[in-house]
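K.L.:
what follows is a predicted protein model with its sequence.
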Amino acid sequence: KAGVTQTPRYLIKTRGQQVTLSCSPISGHRSVSWYQQTPGQGLQFLFEYFSETQRNKGNFPGRFSGRQFSNSRSEMNVSTLELGDSALYLCASSPQYNEQFFGPGTRLTVL
Amino acid sequence: AQTVTQSQPEMSVQEAETVTLSCTYDTSESDYYLFWYKQPPSRQMILVIRQEAYKQQNATENRFSVNFQKAAKSFSLKISDSQLGDAAMYFCAYDMRFGAGTRLTVKP
């Protein structure tokens, strides 16, 4: 099976812009989670989608949103980018038991 | 709140030796899963081992094993016969919560 794929792998944006990141889970996985990883804050949970519904949500502002499509692919959107949003954004899909299979991540740089 | 704590920011081990990484967590649930993940410098996070809380037997995957103490809410990872390729960040996880990570260095 193909692994979790994320696009794009690298992204450079300026403050105030918005960005959309994409994640394709492993075939058959219905749960997709998003994480933000920074050197200072570590790995922080953003949200989880299961069967097109947001099932869990972390403690992030409303600028961070996501959605999941019927084929389980997921997108994450960040509006009004801030410098502090620079991070590695990881997507993970899960078959069961909360075991996560991670993608390679999208490195977002906000200038 | 469910939290995961890794108290060792960095650990070092000699090649072929054994090292133990610590993790504690907090939960009010009785049935759950715990995980250790490895993130090498290439950044691809991979699952190392999984423990089911209702199983008293500690999980083992080749050179990796856990010491699961449910009452103490402790979940440590033991790496035996350490190899250079074991050098990475190791994250303990409960549900969607991850610890801050432990950076493991393996000395030749």
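P.N.:
That came through fine. Numbers count the residues shown, from 1 in each chain, chains lettered A, B, ... in the order given.
K.L.:
separation between the residue positioned nearest the centre of chain A and chain B?
P.N.:
Nearest to the mean C-alpha position of chain A, counting by CA atoms, centre = their mean, stands A:Trp34 at 3.4 Å. Distance from A:Trp34 to chain B, counting by CB to the nearest CB, to the nearest Å: 10 Å. Quick note: C-beta positions are derived from backbone N, CA and C, even for glycine.
K.L.:
right, and that residue touches A:Gln54 too?
P.N.:
No - counting by CB atoms under 8 Å, A:Trp34 does not reach A:Gln54; the two are 10.5 Å apart.
K.L.:
model confidence for residue 23, exactly?
P.N.:
Let's take chain A. For A:Cys23, the model assigns a pLDDT of 98.
K.L.:
wait, I meant chain B there
P.N.:
Listed pLDDT for B:Cys23 reads 97.
K.L.:
just give the number of residues close to it.
P.N.:
27 (other CB atoms under 10 Å in any protein chain shown).
K.L.:
state the distance from it to chain A.
P.N.:
13 Å.
K.L.:
excluding chain neighbours, what is closest to that residue?
P.N.:
Spatial nearest neighbour of B:Cys23, chain neighbours left out: B:Cys92 (3.4 Å); criterion: CB to CB, 6 or more residues apart in numbering or on different chains.
K.L.:
what number of residues lie near that neighbour?
P.N.:
27.
K.L.:
common neighbours of A:Trp34 and A:Gln54, please.
P.N.:
Taking CB atoms under 8 Å, 6 or more residues apart in numbering or on different chains as the contact rule, A:Trp34 and A:Gln54 both touch A:47-48, A:66.
K.L.:
ok, and what's touching stretch B:12-29?
P.N.:
B:1-8, B:11, B:34, B:36, B:53, B:67, B:72-84, B:86, B:90, B:92, B:94, B:97, B:99, B:102, B:104-108.
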